[in-house]
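# After the sequence you'll find the predicted model.
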Amino acid sequence: MPEGVDRAPLDALLQHPALWRGRGAAQPAGLATGFAPLDALLPGGGWPRHGLIEILTEGSGHGELALCAPLVRQLTQGNEARWCAFIAPPFEPFAPAWQAEGVRLERLLVVRAAEPFWALEQALLSGTCALGFAWVGTAVHMSVLRRLALAAGRGLSLGVLIRPLRAIEEPTAAVLRLALVRTPTRLVVRLLKGRGISPCAVELPLP
Amino acid sequence: MNPQQQMLGLDLPSPPAAMPVRVRVREVPPAAPAAAAEARELWAAVQLGPDAADAGELAALARRAQSFTPRVATESTDAVLLELAGSRRLFGGLPALLAALRAAFPRPLQLALAPTPLAAVLLARARRNCCITSEARLAGRLAPLAMCHLHWPEEETARLASMGVATLGELLRLPRAGLARRIGAGRLRQLDQLTGARADPRAALAQPEGFRERIDPDWETTDRERLLAALLPTLARLEDFLRARQRGVMAVRITLHHRRVAPLHCLVRCVVPEYRAARFAALLTARLEALQLVQPVRRLEFTAGRLRRFTADSGMLWQPGEHGSGGAAAAAPEFLQTLLARLGEEAVYGLAVVDEHRPERQYHARSLAQSPPPGSVGPHVTATMAGGAVRPLGLMPSPLPLEMHRDRDGRVLGLRHAGQELTLVTGPERIESGWWDGAPVARDYYVARAAGGARWWIFRECATPRRWFVHGCFA
């Protein structure tokens, strides 16, 4: 830009909320993840406020919930907090550990469903559920994922799909896709897909 | 005074000609009944034994009494009153009615009939199982009863006893003016009600209301859409019924009758009282979808649960989740009801912490179907946990045995879970508890890392055979 040109009108235009600028653009502020290095990489500086997120891990025990625990705590605080649902988890959410994380247990909900997608859609669509975790496998049809993404958009809720690493080959309608690898001392989060980001990885100090 | 004036009971003093005529209306005394004339009201008192003053039992008696007459009331905590004047013909005369009453309220219960409710109660309390139908004979039967049956405070009865009044007859014989001064106008009013000189209106207990319908379609089907369509008019009537009473119900039950197999019961519960037909239709759709219909349905029975008071919310300007929609969380979580209706109460639950040391008992599934809405959850329990202890976010429903590699002497060389070698990271943390209640636990817990990076919470039994188990998942 040549010298002496007044940038103010242009900056003002670029701040317009209807304008989407792609990479590096102003994003709606996200929900802090509780991990500063991850916040720095995520579009909007945190988890999206609503939409579908995919977390890919090789089986359970890779810190997929520990990564989200600060988010659950944040969303279940306050008297007007909405529900947080665990749909078809491969274990029982251990209440004392969640309480130790600062989560309000009255807001947690476990759903044992043979059709996790139906239950997740109900939860996301309802508007009274802020967050829904669902454990699903591979070979999920794109139309199902789109449907869930739409439900999350309409209910202003956040759906988190926890899927095996093999699902990396499949297309996704999620707004954010992460893969987790746990090393002896750290948790490596690989950002595979997100609005305006290029694939990268970050190491978090999760024991 | 002309005869007409006399008939009307008017007493006209002869006034001076210039004065306006003042009309004084003398109170008409209650029509003096002929000795044999029957009283207008007939009250029966059913009294519990002196030692069985139980509110639940009394309510059950009152419900039973409502099959005789709609005018049922309770007296203090020990008796149920039934007004039976209107039921005499229905039951085929007084003797038949008495027999029916005795059959419904068998012997240990005291049963007495009298023209006034208080008299009936007193007679029942005094174990005079009698039937008095005329007011004229009432005073005579009441006279020998002891003062204590009135259930007046101890000191009042004692004071009257010191005046030489031990029975009702002696009390009723006393001059009214003096009596009013001694025992107060309220007590005097009570005595008047006892003898029938004064009306004693009793509010009838409300009948428990219910909604029940039977649908006999002219088809037999296994088609759920059709079943639901047949139920819709009933749901609309249910909504009208509930709206008119400003009530909601927490559960509705549908019984599906087949030609050969046993009827299928299908219960739909709500989390909060509900009245909207559309909402019931949505819940029933979810419930019917999950139902296995083996035979065509030929008849439907629809029963609504107990009517409950509820406060209807006013509508929201904001969409749920939008800024300002504070009611979103507090409002009935409809998705919860849908999930409960389709998946059942065992499959949808909340979490609660139990004050325990054994991990598998430290939490329990909180039922959402009956519990109060969140926010009003009972006392806050905090899990007992040693400082600095780590706990996994996921726990196996029951510990899974780990594969163990042993050398020739039987010593454990290595552990595997899901085909991956495990390395111990931290531990041991000993948890030893429950020796007193038959489920003793003595374990050394470790955090283990699998070759692939996953973290598990594993333990070894302290007692032989000292096996290893995986119990939790650091998800």
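Cool, the structure landed. Numbering: from 1, shown residues only, chains lettered A, B, ... in the order given.

# Grab the nearest non-local neighbour of the residue most central in space within chain B.
Residue closest to the average C-alpha location in chain B (C-alpha atoms, centre = their mean): B:Arg306, at 8.2 Å. Nearest non-adjacent residue to B:Arg306, counting by C-beta to C-beta, 6 or more residues apart in numbering or on different chains: B:Val249, 6.9 Å away. To be clear about C-beta, it is placed using only N, CA and C from the backbone, and glycine gets the same treatment.

# Ramachandran coordinates for that neighbour?
Note on B:Val249: its backbone torsions stand at phi -120, psi 150 [degrees, to the nearest 10].

# Can you name every helix or strand that the helix or strand where B:Met396 lies contacts?
In the assignment (DSSP states H and E), B:Met396 maps to strand B:394-401. Where contact means 3 or more C-beta pairs under 8 Å, 6 or more residues apart in numbering or on different chains; DSSP states H and E, strand B:394-401 is packed against strand A:92-93, strand B:468-473.

# Check whether the first one comes into contact with chain B.
Yes: part of strand A:92-93 sits close enough to chain B to count as contact by C-beta under 8 Å from any C-beta of the partner chain, namely A:92-93.

# For that strand, which strands pair with it and how are they oriented?
Paired neighbours of strand A:92-93 in the sheet (DSSP bridges): strand B:394-401 (antiparallel).

# which residues are contacting the following helix or strand past the partner strand?
Counting by DSSP H and E, the element after strand B:394-401 in chain order, helix or strand, is strand B:403-406. Identification of contacts with strand B:403-406 by C-beta atoms under 8 Å, 6 or more residues apart in numbering or on different chains yields B:412-417, B:467-468.

# one more time with 7 Å
Identification of contacts with strand B:403-406 by C-beta atoms under 7 Å, 6 or more residues apart in numbering or on different chains yields B:412-416, B:468.

# quick one: buried residues of the top strand by length along chain B?
Counting by DSSP state E, the longest strand found in chain B is strand B:420-433. Under the neighbour-count criterion of 16 or more other C-beta atoms under 10 Å in any protein chain shown, strand B:420-433 has B:420, B:422, B:427, B:429, B:431, B:433 buried.

# Looking at those, which has the smallest pLDDT value?
Comparing pLDDT over the buried residues of strand B:420-433, the lowest score belongs to B:Gly427 (79).

# For it, which non-adjacent residue is closest in space?
B:Gly427's closest residue in space is B:Tyr446 (C-beta to C-beta, 6+ apart), at 3.2 Å.

# Which helix or strand contains that neighbour?
Using DSSP H and E, B:Tyr446 falls within strand B:441-450.

# so which of the helices and strands packed on strand B:394-401 comes closest to A:Lys193?
A:Lys193 sits nearest to strand B:468-473 of all the helices and strands packed on strand B:394-401, at 26.2 Å, using C-beta to C-beta.

# by how many degrees do that closest one and strand B:394-401 diverge?
Computed with axes from the mean of the first three to the mean of the last three C-alpha atoms, to 10 degrees, the direction of strand B:468-473 lies at 170 degrees from that of strand B:394-401.

# Sheet partners, orientation included, of strand B:468-473?
Sheet pairing for strand B:468-473, assigned by DSSP bridges, gives strand B:394-401 (antiparallel), strand B:455-461 (antiparallel).

# Can I get the ones you listed in a markdown table including mean neighbour count?
Below are those laid out as a markdown table (neighbours: other C-beta atoms under 10 Å in any protein chain shown):
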| stretch | mean neighbour count |
| --- | --- |
| strand B:394-401 | 16 |
| strand B:455-461 | 23 |
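
# With mean pLDDT and distance to B:Ala166 added, can I get these in a markdown table?
Shown next, in a markdown table, are these (pLDDT from 0 to 100; distance: least, C-beta to C-beta, whole Å):
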| stretch | mean pLDDT | distance to B:Ala166 |
| --- | --- | --- |
| strand B:394-401 | 91 | 72 |
| strand B:455-461 | 92 | 78 |
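
# the domain parsing of chain B - what is it?
The record's domain parsing of chain B by automatic domain parsing lists B:43-195, B:212-309, B:394-473.

# Quick one: these as JSON lines, columns for distance to A:Trp118 too.
Output for these, formatted as JSON lines (distance: least, C-beta to C-beta, whole Å):
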{"stretch": "domain B:43-195", "distance to A:Trp118": "43"}
{"stretch": "domain B:212-309", "distance to A:Trp118": "10"}
{"stretch": "domain B:394-473", "distance to A:Trp118": "23"}
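
# So which of those domains is nearest B:Glu345?
Nearest to B:Glu345 among those is domain B:212-309; the distance by C-beta to C-beta comes to 7.1 Å.

# Let me see the mean pLDDT of that closest one.
Mean pLDDT, computed over domain B:212-309, is 88.

# can you give me the end-to-end distance of it?
19 Å (C-alpha to C-alpha, to the nearest Å).

# ok, B:His257 touching B:Gln295?
No: using C-beta atoms under 7 Å, B:His257 is not in contact with B:Gln295, being 9.7 Å away.

# Neighbour count: the two, which is higher?
Using other C-beta atoms under 10 Å in any protein chain shown, the more surrounded residue of B:His257 and B:Gln295 is B:His257, with 18 against 14.

# closest point of the stretch 1-150 of chain B to chain A, which residue?
As assessed by C-beta to the nearest C-beta, chain A sits closest to B:Gly56 within the stretch 1-150 of chain B, at 31.9 Å.

# any idea which helix or strand carries that residue?
Going by DSSP H and E, B:Gly56 is in helix B:55-65.

# What's the mean pLDDT across the helix or strand following that helix?
Towards the C-terminus, the helix or strand next in line after helix B:55-65, according to DSSP H and E, is strand B:72-75. Average pLDDT, strand B:72-75: 87.

# Touching, the residue nearest to B:Arg306 and B:Arg269? I think so.
No: B:Val249 is not in contact with B:Arg269 according to C-beta under 7 Å; the separation is 9.8 Å.

# As a check, name the ranges of all helices in the chain.
This is for chain A. A:8-14, A:36-41, A:64-76, A:95-100, A:116-126, A:142-155 (DSSP state H).

# think we crossed wires, I meant chain B
According to DSSP H, the helices that chain B contains are B:3-8, B:55-65, B:94-104, B:117-125, B:138-142, B:154-162, B:168-173, B:176-183, B:185-195, B:224-245, B:277-289, B:327-330, B:334-343.

# need the ones you listed in JSON lines with mean neighbour count, can you?
Output for these, formatted as JSON lines (neighbours: other C-beta under 10 Å):
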{"stretch": "helix B:3-8", "mean neighbour count": "9"}
{"stretch": "helix B:55-65", "mean neighbour count": "15"}
{"stretch": "helix B:94-104", "mean neighbour count": "15"}
{"stretch": "helix B:117-125", "mean neighbour count": "26"}
{"stretch": "helix B:138-142", "mean neighbour count": "18"}
{"stretch": "helix B:154-162", "mean neighbour count": "13"}
{"stretch": "helix B:168-173", "mean neighbour count": "17"}
{"stretch": "helix B:176-183", "mean neighbour count": "14"}
{"stretch": "helix B:185-195", "mean neighbour count": "16"}
{"stretch": "helix B:224-245", "mean neighbour count": "16"}
{"stretch": "helix B:277-289", "mean neighbour count": "18"}
{"stretch": "helix B:327-330", "mean neighbour count": "19"}
{"stretch": "helix B:334-343", "mean neighbour count": "23"}
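
# so which of the ones you listed gets nearest B:Arg214?
With C-beta to C-beta as the criterion, B:Arg214 lies closest to helix B:224-245 of those, at 9.4 Å.
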